[in-house]
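>>> below: sequence and its predicted model.
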Amino acid sequence: MKLLMVCLGNICRSPLAEGILKKKIKENHLDWEVDSAGTESYHVGETPHPLAQKIAVHHGIDISGHRARRFSKSDLEKFDKIYAMAKDVYEEMKFIGGKNTNMQNIDLFLNEVSPGKNLSVPDPWYGGEEDFKYAYKLMEEACDKIILKYGRQNSGPLPL
């Protein structure tokens, strides 16, 4: 299974979600690939936000090697499931994909926790450490749901 996490700049939410999910994939012995991207190009090549790295390290996750990249139309074909961190990101992905884009494999990330509510992960870029901690908590919960939902479908029973 190939998953993609997408936010605006690919330096806060999506690399954190990627890191969280990679850790959970490893813990559950799943053979999945995870990547992340941003719909905007203003941070391409940059490392994650310092507070994103700090929160990740606090949870035993190293995202320091990540480099921001821009979401592209070709990503729509490469990944089995694509998660947008926010409604504006979802809409921008539709725009990048073009008029006839099939959005079936794309969903808002927090719909895994609250199906159909179309909630956005608040962008911690505009806040401080507490905002990053809160975003991390939301994303960790969604990652747990993804592991439970797709882990059972694709890899049999999860180890206890």
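Now that the structure is in, tell me what you want to look at. Numbers count the residues shown, from 1 in each chain.
>>> when you work out contacts or count neighbours from here on, use the C-alpha atoms and nothing else.
Will do.
>>> where does pLDDT dip in this structure?
152-160 (pLDDT under 70).
>>> biggest helix in it by residues?
In the chain, ranked by residue count with DSSP state H as the criterion, the top helix is helix 129-155.
>>> and that one, how far from the chain's centre?
From the chain centre to the centre of helix 129-155 is a distance of 9 Å (C-alpha atoms, centre = their mean, to the nearest Å).
>>> which elements pack onto it?
On a contact count with 3 or more C-alpha pairs under 8 Å, 6 or more residues apart in numbering; DSSP states H and E, helix 129-155 meets helix 13-27, helix 50-58.
>>> just the angle between the longest one and helix 50-58, please?
Interaxial angle of helix 13-27 relative to helix 50-58 (axes from the mean of the first three to the mean of the last three C-alpha atoms, to 10 degrees): 10 degrees.
>>> and helix 13-27, what does it pack onto?
strand 2-7, strand 33-38, helix 50-58, helix 129-155.
>>> buried residues in that helix?
Neighbour counts over helix 13-27 (16 or more other C-alpha atoms under 10 Å) mark 13-25 as buried.
>>> tell me which of the residues you listed is nearest to residue 40?
Nearest to residue 40, judged by C-alpha to C-alpha, of the buried residues of helix 13-27 is residue 14 at 12.5 Å.
>>> doesn't residue 83 make contact with the closest one?
No. The criterion here is C-alpha atoms under 8 Å, and residue 14 misses it with residue 83 at 9.0 Å.
>>> okay, and the common contacts of those two?
Taking C-alpha atoms under 8 Å, 6 or more residues apart in numbering as the criterion, residue 14 and residue 83 both touch 5, 6.
>>> circling back: I'd like the helices and strands packed on helix 13-27 as a markdown table, with distance to residue 87 and mean neighbour count appended.
Output for these, formatted as a markdown table (distance: least, C-alpha to C-alpha, whole Å; neighbours: other C-alpha atoms under 10 Å):
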| stretch | distance to residue 87 | mean neighbour count |
| --- | --- | --- |
| strand 2-7 | 10 | 24 |
| strand 33-38 | 13 | 23 |
| helix 50-58 | 21 | 19 |
| helix 129-155 | 15 | 17 |
